[in-house]
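A.B. asks: Got a predicted structure here, sequence first:
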Amino acid sequence: MTAANKPKEPQTFEAASARLDELLQAMENGSLPLDQMIAAFEEGRQLVAFCNAKLNEVQQRVERIKAAEAEGKLTREAFQ
């Protein structure tokens, strides 16, 4: 996949998850030619990495909140 063909990174976990569902359906129904199947697979791997990074970020935030709560230092932080 060239830089010109590279899909833009999703802005949200939900968008990435929805795109993964689209790719999976297209790959499972067997309607994609081999080149498009490989491109879909590569895009899917990038989306999985994006989703994993988002989930790790959320997990770390929850752990910080729990730690602050346990120490009695719970503070308000903007959720992004």
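C.D. replies: Here it is on my side, so go on.

A.B. asks: rest of the way, CA atoms for contacts and neighbours
C.D. replies: Noted.

A.B. asks: for the protein, what are the low-confidence residue spans?
C.D. replies: Within the chain, the stretches with pLDDT under 70 are 1-9, 74-80.

A.B. asks: Please repeat the previous calculation with a cut-off of 50.
C.D. replies: By pLDDT under 50, the low-scoring segments of the chain are 1-4.

A.B. asks: now the helices for the protein?
C.D. replies: Listed in chain order, the helices of the chain (DSSP state H) span residues 13-28, 34-70.

A.B. asks: In terms of secondary structure, what does the shortest one contact?
C.D. replies: The reference is to helix 13-28. helix 34-70 (3 or more CA pairs under 8 Å, 6 or more residues apart in numbering; DSSP states H and E).

A.B. asks: center of the protein - which residue?
C.D. replies: Closest residue to the average C-alpha location of the chain: Cys51 at 2.2 Å, with CA atoms, centre = their mean.

A.B. asks: Can you name the residues that contact that residue?
C.D. replies: Phe13, Ala16, Ser17 (CA atoms under 8 Å, 6 or more residues apart in numbering).

A.B. asks: Look up phi and psi at the residue lying farthest from the centre of the chain.
C.D. replies: The C-alpha centroid of the chain is most remote from Gly72, which lies 32.8 Å away (CA atoms, centre = their mean). Backbone torsions of Gly72, given as degrees, to the nearest 10, read phi 70, psi 20.

A.B. asks: Kindly provide the distance from it to Ile65.
C.D. replies: 10 Å (CA to CA, to the nearest Å).
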